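Undergrad: here are the coordinates; sequence isn't available:
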């Protein structure tokens, strides 16, 4: 968040979870279908969740390669609305 949005976050205030998903289980809000077709199926999605001082919920979703742990895709959602994404593969 510091690099992308210039917001400093205390690590202790961030929750983390990791999930395996098949493409058909994912909503376009999280990963649009045109991006999904470039990602493994199933995929490993790591999520980080944070509530700021104004009560806004921030969610970062990162798809990683299970073998190398390289970042393949990232999505940022604020209060249920996608605000940024980056596809790290072609």
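TA: That came in fine, so what should we check first? On a predicted model such as this, the values are computed, not experimentally measured, just so you know.
Undergrad: wait, isn't residue 61 in contact with residue 75?
TA: Yes: counting by CB atoms under 8 Å, residue 61 touches residue 75, with 4.5 Å between them. In this view, the C-beta of every residue, glycine as well, is placed from N, C-alpha and C.
Undergrad: okay, and the common contacts of these two?
TA: Residues touching both residue 61 and residue 75 by CB atoms under 8 Å, 6 or more residues apart in numbering: 30, 31.
Undergrad: which residues touch the most centrally placed residue in the chain?
TA: Nearest residue to the geometric centre of the chain (CA atoms, centre = their mean): residue 61, 1.1 Å. When contacts are counted by CB under 8 Å, 6+ apart, residue 61 touches 30, 31, 45, 46, 47, 73, 74, 75, 76, 77.
Undergrad: which residues sit against the helix-or-strand element of the chain with minimal mean pLDDT?
TA: Every helix and strand in the chain was compared by mean pLDDT, DSSP states H and E; the lowest is helix 2-5, with a mean of 90. Contact with helix 2-5 is made by 8, 9, 76, 84, as judged by CB under 8 Å, 6+ apart.
Undergrad: which parts of this structure are strands?
TA: Using DSSP state E, the strands of the chain run over residues 15-21, 43-51, 57-64, 71-78, 81-87.
Undergrad: can you list the ones you listed in TSV and add mean pLDDT and distance to residue 2?
TA: What follows is the strands of the chain, written out as TSV (pLDDT from 0 to 100; distance: least, CB to CB, whole Å):
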stretch	mean pLDDT	distance to residue 2
strand 15-21	95	17
strand 43-51	96	12
strand 57-64	96	12
strand 71-78	96	13
strand 81-87	94	14
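Undergrad: correct me if wrong: residue 89 contacts residue 38.
TA: Yes: contact criterion CB under 8 Å: residue 89 and residue 38 qualify, at 6.0 Å.
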